[in-house]
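Colleague: the following comprises the amino acid sequence and a computationally predicted model.
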Amino acid sequence: MQKTITICPGCELKSISQGVAIASEFDTLLIKKGTYKEFNIRIDKPLTLLGENYPVIDGEDQGEIIRIVSDNVTIDGLFIINVGTSYTTDYAAIRVVKSENFLIQNVVLEKLFFGIYLEKSNNGKVYNNKIIGDAVDEYNSGNGIQLWYSHNVEVDRNIVQGVRDGIYLEFSDKVIINNNSSTNNLRFGLHFMFSNDDVYTNNTFENNGAGVAVMFSKRIKMIGNIFRKNWGTAAFGMLLKEINDAEISGNTFEENTIGINIEGSNRILYKNNDFIKNGWAVKVLGACYANTFTQNNFLYNSFDISYNSRLNDNVFNQNYWSDYTGYDLDKNGVGDVPYRPVKLFSYIVNKTPETIVLLRSLFMDIIDFSEKVSPVFTPDNLLDANPLMKQAL
């Protein structure tokens with residue numbers, strides 16, 4: 001028979017650890033409003049911890065606060081602060097270890113090291129949590145939501161800010177990351193490696209050290225996300241490194257130093273994305289083959305495409321380019337003159353970054369015009385044969 005056990009500062013049961021110890025499987029611990037100075041709370045049986053009016057669990061910088069080592073555990077409605085910081089141990093506010101069917105929702109985390117850390121845990125959900133860090137340096141800060149060897153997890157409607165990486169995945173497959181806001185983080189809004197068949201939709205990554213890093217992964221779908229104001233000498237909206245067979249569609253890349261930085265990534269469909277007022281919209285660093293760019297809008301970027309190879313087998317077709325000056329005599333909505341998106345000046349800046357100071361000069365206009373007339377340095381076949389006259393919808 002499942003029962004509800006009440007914990008409160010004035011009750012007979014005053015501590016959460018005591019409540020866990022006496023509870024039977026599938027009981028609910030109802031934690032009343034108050035402050036509970038506890039850490040190393042170990043949940044080793046199926047339980048629900050339900051906070052009423054956001055009770056505060058204060059770890060007093062002692063170490064990890066909640067560790068889940070059982071299947072079928074729910075954490076709901078807690079306010080957790082003061083996780084311990086360590087240079088040898090990744091202390092987390094909530095850590096889930098080798099567990100199935102977990103739910104962590106409506107939790108607020110502040111003054112943390114790592115926030116929610118999933119370790120070899122599957123088939124769970126991290127929903128509607130707020131993680132607010134105060135990280136200053138990468139070496140002594142942790143990640144907001146971290147998945148390590150965790151599969152079939154849904155990360156939905158979380159707010160993460162002020163940590164090292166907002167959301168971090170490693171060796172985690174079939175993860176859905178949806179409707180999250182990851183902003184003002186030291187390093188990446190989202191960072192994932194060796195994680196396949198994941199889907200990222202409707203997230204916002206804004207004003208992070210460097211947007212999103214996507215590395216060594218296959219069959220990724222990134223749809224309807226916003227990458228905005230990720231500025232800095234090494235900043236980008238999205239970094240793709242060794243990514244294959246992916247779809248990147250319906251995203252907005254706005255006011256980033258580099259919209260997408262691509263290296264060693266193949267067979268990717270880039271469709272219906274908006275690149276707006278970036279330094280470089282797309283920067284291709286080589287070893288990128290069989291990619292397709294179609295129905296994208298390139299609007300007022302300093303450089304639309306930067307390319308450092310003489311070879312090209314990527315397809316650019318039916319994109320809108322704000323710099324296109326061609327005509328459409330047959331009024332079919334497609335320009336009659338192909339558009340060459342790679343300017344010679346971007347090639348020069350790749351070789352000699354200091355020349356960027358000449359960006360708005362007459363010299364730049366002259367050399368770009370000469371390259372357009374007779375391509376020598378840029379790939380001869382890198383062109384959009386069917387540039388759109390109006391923005392793609």
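Modeller: Structure received.

Colleague: hang on, residue 292 packs against residue 248?
Modeller: No. Under the criterion of CB atoms under 8 Å, residue 292 is not in contact with residue 248, lying 10.5 Å apart. Any C-beta I mention is one placed from the backbone N, CA and C, and that applies to glycine too.

Colleague: who touches both of these two?
Modeller: Taking CB atoms under 8 Å, 6 or more residues apart in numbering as the contact definition, residue 292 and residue 248 share the neighbouring residues 268, 269, 270, 271.

Colleague: now residue 197: how far from residue 247?
Modeller: Relative to residue 247, residue 197 is positioned 12 Å away (CB to CB, to the nearest Å).

Colleague: spit out the residues that contact these two alike.
Modeller: When CB under 8 Å, 6+ apart defines a contact, the residues bordering residue 197 and residue 247 alike are residue 220.

Colleague: still on that earlier bit, rebuild the shared contacts of residue 292 and residue 248 as TSV, extending it with distance to residue 45.
Modeller: Formatted as TSV, the entries for those read as follows, by distance: CB to CB, whole Å:
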residue	distance to residue 45
268	45
269	47
270	48
271	48
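
Colleague: can you name the two of those residues that sit furthest apart?
Modeller: 268 and 271 (10.0 Å; CB to CB).

Colleague: more neighbours: the two, which one.
Modeller: Neighbour tally, residue 268 and residue 271, criterion other CB atoms under 10 Å: the higher count belongs to residue 268, 24 against 19.

Colleague: coming back round to it: residue 292 and residue 248: who's more crowded?
Modeller: With neighbours defined as other CB under 10 Å, residue 292 and residue 248 compare such that residue 248 has more, 27 against 13.

Colleague: looks to me like the more buried one is in a helix.
Modeller: No. Counting by DSSP: H, G, I helix; E, B strand; the rest coil, residue 248 is not part of a helix but strand.

Colleague: ok, it - contacts?
Modeller: Neighbouring residues of residue 248 by CB under 8 Å, 6+ apart: 222, 223, 238, 260, 268, 269, 270, 271, 273.

Colleague: distance of the last one from residue 206?
Modeller: For residue 273, the distance to residue 206 (CB to CB) stands at 16 Å.

Colleague: likewise the second one?
Modeller: Distance of residue 223 to residue 206, given as CB to CB: 18 Å.

Colleague: out of those two, which sits in the busier spot?
Modeller: When residue 223 is set against residue 206 and neighbours are counted by other CB under 10 Å, the residue ahead is residue 206, at 21 against 18.

Colleague: returning to what we had before: would TSV of the contacts of residue 248 with distance to residue 190, secondary structure and pLDDT be doable?
Modeller: Written out in TSV, the entries for the contacts of residue 248 read as follows (distance: CB to CB, whole Å; DSSP: H, G, I helix; E, B strand; the rest coil; pLDDT from 0 to 100):
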residue	distance to residue 190	secondary structure	pLDDT
222	9	strand	97
223	14	strand	98
238	9	strand	96
260	14	strand	97
268	17	strand	97
269	20	strand	98
270	18	strand	98
271	20	strand	98
273	17	coil	98
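
Colleague: from those residues, which is closest to residue 82?
Modeller: residue 238 (34.1 Å).

Colleague: how much space is there between residue 109 and residue 332?
Modeller: The spacing between residue 109 and residue 332, counted by CB to CB, is 55 Å.

Colleague: who's more crowded, these two?
Modeller: Ranked by neighbour count (other CB under 10 Å), residue 109 and residue 332 place residue 109 first, with 27 against 10.

Colleague: partner residues bridging that one?
Modeller: For residue 109, the beta-bridge partners are residue 80, residue 131 (DSSP bridges).

Colleague: in contact with it, which residues?
Modeller: With contact taken as CB under 8 Å, 6+ apart, residue 109 is in contact with 80, 81, 83, 93, 94, 115, 116, 129, 130, 131, 132.

Colleague: between these, which is nearest residue 28?
Modeller: Relative to residue 28, the closest of these is residue 94; by CB to CB it sits at 17.5 Å.

Colleague: what lines up beside whichever strand or helix holds that closest one in the sheet?
Modeller: Here residue 94, judged by DSSP states H and E, is contained in strand 92-97. In the sheet containing strand 92-97, its partner strands are strand 66-68 (parallel), strand 114-119 (parallel), by DSSP bridges.

Colleague: and the contacts of that strand?
Modeller: The contact list for strand 92-97 (CB under 8 Å, 6+ apart) reads 59, 64-69, 73, 75, 80, 83, 102, 104, 107, 109, 112-121, 124, 142, 146.
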